[in-house]
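Chemist: Just a sequence and a predicted model for now, questions to come.
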Amino acid sequence: MRIPDEDPTEALKRSWDQNADAWTAIVRRGQIPSRSAGTDRAIVDAVTRLDPRRVVDVGCGEGWLVRRLVDELGCDVAGVDGSAALIASAKAAHEDGNYSVLSYETLSSQPDKLQGPYDVAICNFALFGRELTPILSTLRDCLSPGGSVLIQTLHPCFSRGSNNYADGWREESFSSFAHGDWEPMPWYFRTLESWHLEIQAAGLRLSACHEPSHAEIREPLSLILNCIPA
Ligand SMILES: C[S@@+](CC[C@H](N)C(=O)[O-])C[C@H]1O[C@@H](n2cnc3c(N)ncnc32)[C@H](O)[C@@H]1O
């Protein structure tokens with residue numbers, strides 16, 4: 001990908017406001033094949049295994065996981081996201097839900113805004129920037145004793161496409177979706193080794209890892225990392 005003159009981090013954040021309507025539509029219509037094939041169920045099951053009372057969904061988007069966890073687990077779930085448009089969409093679908101517009105950068109400089117402590121802090125396909133240590137450290141600090149930061153992400157070994165297996169900025173064009181007017185999203189690909197280093201740098205350690213698999217293709221759909229304070 002050609003690195004734009006602008007910091008890709010800003011373009012990444014802005015893309016979510018621009019893509020909010022199209023994203024809300026495909027998520028709610030179940031039009032992301034990997035999600036119906038298993039990644040939605042996998043993150044709900046991973047949270048369920050931790051038996052939490054208080055959860056925060058960081059980068060919650062239009063809020064499907066907040067709604068699902070409230071319905072299935074009956075726990076107290078807060079959703080935060082940097083996109084005002086996506087938080088408006090989440091609130092419209094869940095009027096008594098607890099949602100706030102907060103970027104990772106704001107949370108890292110003003111951690112009180114997270115209103116922890118939480119038993120689980122979830123990042124479900126929501127960590128696409130290059131600098132992850134600040135937000136991961138903030139999430140570590142908002143955990144209650146015994147708490148976890150649960151990350152679901154693209155599996156590094158199965159998402160590099162034709163690119164080298166090396167950290168670097170990539171671009172998601174969303175061209176696989178037939179409908180919607182999409183703004184490309186820069187995202188930072190990181191290797192498994194790089195994920196491990198980010199987690200370590202944030203004062204966390206990997207306590208479990210899971211590779212939800214496609215029932216027919218038998219290849220991982222994603223990677224789930226359960227991180228606990230080191
Ligand atoms: C692929 S969407 C996933 C949304 C949701 N977690 C889900 O499972 O549908 C990525 C989300 O991360 C959020 N995000 C990305 N970078 C962010 C940042 N720096 N601060 C706050 N939110 C951010 C976006 O606004 C977007 O809602």
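Modeler: It's in.

Chemist: which outside residues touch the longest strand belonging to the chain?
Modeler: Determined from DSSP state E, the single longest strand within the chain is strand 143-153. With C-beta atoms under 8 Å, 6 or more residues apart in numbering as the test, strand 143-153 has contacts from 39, 42-43, 46-47, 50, 52, 54, 116-125, 127, 136, 139-140, 195, 204, 207, 222-229. Heads up, the C-betas are built off the backbone N, CA and C, glycines and all.

Chemist: what about N164, which helix or strand?
Modeler: In this structure, N164 is located outside every helix and strand according to DSSP states H and E.

Chemist: Now for it, how many residues are close by?
Modeler: 9 (other C-beta atoms under 10 Å).

Chemist: Show me what counts as buried in stretch 156-165.
Modeler: 156, 160 (16 or more other C-beta atoms under 10 Å).

Chemist: Among the contacts of strand 143-153, name the buried ones.
Modeler: Looks like these have 39, 42-43, 46-47, 50, 52, 54, 116, 118-125, 127, 136, 139-140, 195, 204, 222-229 buried, using 16+ other C-beta under 10 Å.

Chemist: Go back to these and keep what's next to the ligand.
Modeler: 124-125 (C-beta under 6 Å from any ligand atom).

Chemist: So which of the buried ones among the contacts of strand 143-153 belong to helices?
Modeler: The helices, defined by DSSP state H, take in 42-43, 46-47, 50, 136, 139-140, 195 from the buried ones among the contacts of strand 143-153.

Chemist: Quick one: end-to-end distance for stretch 123-132.
Modeler: By C-alpha to C-alpha, to the nearest Å, the extent of stretch 123-132 from end to end equals 11 Å.

Chemist: hmm, who's touching that stretch?
Modeler: Looking at what lies outside stretch 123-132 - C-beta under 8 Å, 6+ apart - the contacts are 8-9, 12, 39, 43, 57-61, 65, 81, 104, 135, 139, 149-154, 169, 185-188, 198, 202, 222.

Chemist: on that earlier part again, next, the angle from the longest strand of the chain to helix 40-50.
Modeler: 160 degrees (axes from the mean of the first three to the mean of the last three C-alpha atoms, to 10 degrees).

Chemist: what are the pairing partners of strand 143-153, and which direction each?
Modeler: For strand 143-153, the paired strands and their directions (DSSP bridges) are strand 118-124 (parallel), strand 223-229 (antiparallel).

Chemist: Between those, which one is closest to A88.
Modeler: Nearest to A88 among these is strand 118-124 (19.3 Å), distances taken as C-beta to C-beta.
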